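Chemist: only the shape, not the letters, is given here:
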């Protein structure tokens, strides 16, 4: 995905959209050439606020526990915030149009990935910077496909599959996540080219309320903590080109 955080104004992102590309003439012999004007437009999207529940660490916990509970809670909050925001992003960019969807006939196969790649090729998306996010079950189904197994038995990118982080098929880097998206109640993955999807974010903030600095008197000297983040995402084209949903079929 492309980061457009620098274009954010008052929590709204404004992106210039180029108009129709130039016409190309071969062996032009009619002059003067036709003069056209490119009409550009502006695409805008908002970034959303995500916040955690406020937690209390009591004064007695600060003294009695053998670990830093305050630090533990904040680490947990930041991880939960990041996971929730990432899931929301992927659901937000997943297209639902039939022309942008590949539906499996059961378990995910090598052939399904090839169909996704074909759509991106027809969209004229670059060969690099293609990604596919898959739910865990679909990811491991793919690893058991005979065509995928044969590819790695032959020694291609063996270290990639061994790492368990991602596999690459037909020029698409394929990653796994606990959840990605749903379409009509069915689990789905989403493939996208970097230049087809935009996001914008702000740095997460951590808030603490300890009253006068020696603990909050309303809570027996305890510390109240929460975290907040900002994130927005959009498909850059109104026709959703460069993005494909991979949906679990029956």
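Modeler: Perfect, I can see it now. The structure displayed is predicted, hence computed values, not measured ones.
Chemist: which residues sit against the longest helix along the chain?
Modeler: Counting residues, the longest helix in the chain under DSSP state H turns out to be helix 69-93. Helix 69-93 is contacted from outside by 1, 48, 50-52, 55, 57, 61-62, 133, 177-182, 190, 192, 197, 199, 201, 204, 206, 223, 225-229, 231, 233-235, 243, using CB atoms under 8 Å, 6 or more residues apart in numbering. C-beta: built from backbone N, CA, C; applies to glycine.
Chemist: try it again with 6 Å
Modeler: Applying CB atoms under 6 Å, 6 or more residues apart in numbering, the external contacts of helix 69-93 come out as 50, 52, 55, 57, 61, 133, 179-181, 190, 197, 206, 227, 229, 231, 233, 235, 243.
Chemist: and it, how far out from the chain middle?
Modeler: Computed by CA atoms, centre = their mean, to the nearest Å, the chain-centroid distance of helix 69-93 equals 14 Å.
Chemist: do stretch 209-229 as well
Modeler: Stretch 209-229 sits 34 Å away from the centroid of its parent chain (CA atoms, centre = their mean).
Chemist: hang on, isn't residue 14 packed against residue 43?
Modeler: No - using CB atoms under 6 Å, residue 14 makes no contact with residue 43, being 7.7 Å away.
Chemist: for residue 222, what are its contacts?
Modeler: 56, 57, 58, 59, 216.
Chemist: list the contacts of the fourth one.
Modeler: When the contact criterion is CB under 6 Å, 6+ apart, the partners of residue 59 are 215, 220, 221, 222.
Chemist: just the first one next, same as before
Modeler: With contacts defined as CB under 6 Å, 6+ apart, residue 56 is in contact with 219, 222, 224.
Chemist: and the last one, how many neighbours?
Modeler: Around residue 224 there are 16 other residues, counting by other CB atoms under 10 Å.
Chemist: and it, how far is that from residue 208?
Modeler: With the distance defined as CB to CB, to the nearest Å, residue 224 ends up 7 Å from residue 208.
Chemist: repeat for residue 114
Modeler: Taking CB to CB, one finds residue 114 at 52 Å from residue 208.
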